[in-house]
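*Asks:* coords please:
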Amino acid sequence: MLKGDWKEQAMYRAVIHLNVADFAVAVERAVDSRLKDRPVIVAPEGTGRASVYDMSNEAFLSGVRKGMTLRRALRLCKDACVLSPHQDRYERAMKAFFKYTCSYTPLVETGERDGHIFLDVTGSQRLLGPPMDVAWRLRRQIRRDLGFDPIWAVAPNKLIAKVATRMVKPTGEYIVAEGEQQRFLAPLPLHLIPGMERNDLLRLSEFNFTHVSQVASLSISQLRVLFGNRSGFVYQTLRGVDTSPVRPAGKSAPAVLSDHEFGEDTNDIARVESVLYGLVEKTGKKLRGQCLAARRLALVLDYSDGLRCIRQRKADPATANDMALFDLAREVLDLAWFRRVRIRHLRLICDRLIFPPAQQLDIFSQTRKKNRGRIRLMEAIDSIRSRYGDQAIRVGRTLAGNNL
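*Replies:* From the prediction side, this is the model:
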């Protein structure tokens, strides 16, 4: 191989795109195998303007689409099984999906809860073998352990890899070799190309342009008449040029969190506050065990109809005291719980962690006395629990929910 050829070869990339089609439905089917092969619609029930969050391929073939009103979707697919979204469940499934890919390359880019993952295995081929072998192994492991059956594609960049998985949805695989990008895209309809917006398609349809090859034949000056400043993007995209890197998920800022999923959705204030105090106790114990204090508290609240609400408040001063954290958590709960809908899941997050500084004296003696009393009480409770177990002392508020 000539030296120049080696340099050119070194520029080639191998990007794998894994896509679990209809991710929310796939997760629900992994939980309940009775849903397999049945038309499934994931949408918040009991709301006047409920819209489709996700649907199975069976429902899709009946005409159901994301964002469609649930009422219309059920007219098109009358025998569909309707499930409320479980955002926390999809998040946990996505984390498990992500963990399998991390052992193959550090360059892994993932969506939040959408079942899409990109891997750049350009530098891993000598160790792990050809990219298609990596994709096969990943698919086999994920199908065996998680119950998902991801589509996969191997291509020179993210754009081509994503389009390739769209070509074989809902199941299958596709390989696009280096240098075949334009030939691969040319016969495809424009709506399959990421980044081509609805207004772009409408504008092109006025000129009877419906496929990539038709628009790719235009010069950039001709495209500028149609797209203005976006002409460069359209020109490159329809030729399969994509230099964007696979961006690994950066290390998240340190945080301490606790979760609770209610066995039955509830809107009972006493029960919710009981659970919230339990989460505060778990979180506070972790913080004190690491000699940390939180400067911010956030609450993630999932309603039974699938809506997720996130609210947060600054802790000033930073604290790891259960009572101070609960006062703040209750304020945040009041901000997040603004609907007459039952709650399915709670998550408490304490972040912006610091080593607690030396306590500064408060100006007012009454406040100083209160804070000092809370600190001493918490120290005494921790001492007793460390010796006799966490159940040795229970706060009355945490008992309220046990009788409900």
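
*Asks:* Name the surrounding residues that touch stretch 323-336.
*Replies:* 272-273, 276-277, 279-280, 283-284, 294, 297-299, 301, 309-313, 315, 319, 348, 350, 374, 377-378 (Cβ atoms under 8 Å, 6 or more residues apart in numbering). The C-beta positions use only the backbone N, C-alpha and C, and glycine is treated the same way.

*Asks:* Show me what counts as buried in it.
*Replies:* 323, 324, 325, 326, 328, 329, 332, 333, 336 (16 or more other Cβ atoms under 10 Å).

*Asks:* any chance of those in TSV, plus secondary structure and distance to residue 73?
*Replies:* Below are those laid out as TSV (DSSP: H, G, I helix; E, B strand; the rest coil; distance: Cβ to Cβ, whole Å):
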residue	secondary structure	distance to residue 73
323	helix	48
324	helix	47
325	helix	43
326	helix	42
328	helix	41
329	helix	38
332	helix	35
333	helix	33
336	helix	29
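
*Asks:* and the contacts of stretch 323-336, which are buried?
*Replies:* Counted by 16+ other Cβ under 10 Å, the contacts of stretch 323-336 give 272-273, 276-277, 279-280, 283-284, 294, 297-299, 301, 311-312, 315, 319, 348, 350, 378 as buried.

*Asks:* among those, which are in strands?
*Replies:* Assigned to strands by DSSP state E, the following of the buried ones among the contacts of stretch 323-336 qualify: 294, 297, 298, 299, 301, 311, 312, 315, 319, 348, 350.

*Asks:* quick one: which of the residues you listed is nearest residue 73?
*Replies:* residue 301 (26.4 Å; Cβ to Cβ).

*Asks:* still on that earlier bit, in the ones in strands among the buried ones among the contacts of stretch 323-336, find the pair that's most separated.
*Replies:* The widest separation within these (Cβ to Cβ) is 21.7 Å, between 301 and 319.

*Asks:* And residue 90, how far from residue 20?
*Replies:* 10 Å (Cβ to Cβ, to the nearest Å).

*Asks:* Now do the shared contacts for those two.
*Replies:* Common contact partners of residue 90 and residue 20 (Cβ under 8 Å, 6+ apart): none.

*Asks:* Poorly predicted segments of the stretch 301-404 of the chain, please.
*Replies:* With pLDDT under 70 as the threshold, the stretch 301-404 of the chain has low-confidence stretches at 356-379, 381-382, 385-404.

*Asks:* in it, which spans are helices?
*Replies:* Here the stretch 301-404 of the chain has its helices, by DSSP state H, counting those that start in this stretch, at 322-336, 365-388, 396-399.

*Asks:* List of residues touching stretch 191-202?
*Replies:* With Cβ under 8 Å, 6+ apart, stretch 191-202 has contacts from 159, 162-163, 166-167, 185, 190, 212, 227, 230, 233-234, 237-238.

*Asks:* Could I get the full set of strands for this protein?
*Replies:* Under DSSP E, the chain gives strands at 15-19, 40-42, 54-55, 81-83, 108-110, 116-120, 151-155, 173-175, 255-266, 293-303, 308-319, 343-354.

*Asks:* Now distance to residue 206 too, for those, in CSV please.
*Replies:* Formatted as CSV, the strands of the chain follow (distance: least, Cβ to Cβ, whole Å):
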stretch, distance to residue 206
strand 15-19, 32
strand 40-42, 34
strand 54-55, 31
strand 81-83, 39
strand 108-110, 36
strand 116-120, 32
strand 151-155, 31
strand 173-175, 32
strand 255-266, 49
strand 293-303, 43
strand 308-319, 40
strand 343-354, 47
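
*Asks:* Tell me where the stretch 1-150 of the chain has helices.
*Replies:* Applying DSSP H, counting those that start in this stretch to the stretch 1-150 of the chain gives helices spanning 3-11, 23-31, 57-61, 70-76, 87-102, 125-128, 131-145.

*Asks:* got these as CSV, with mean neighbour count, distance to residue 177 and mean pLDDT columns?
*Replies:* Putting the helices of the stretch 1-150 of the chain into CSV (neighbours: other Cβ atoms under 10 Å; distance: least, Cβ to Cβ, whole Å; pLDDT from 0 to 100) gives the following:
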stretch, mean neighbour count, distance to residue 177, mean pLDDT
helix 3-11, 9, 13, 41
helix 23-31, 22, 28, 93
helix 57-61, 19, 29, 93
helix 70-76, 17, 40, 92
helix 87-102, 17, 22, 88
helix 125-128, 11, 14, 84
helix 131-145, 16, 11, 92
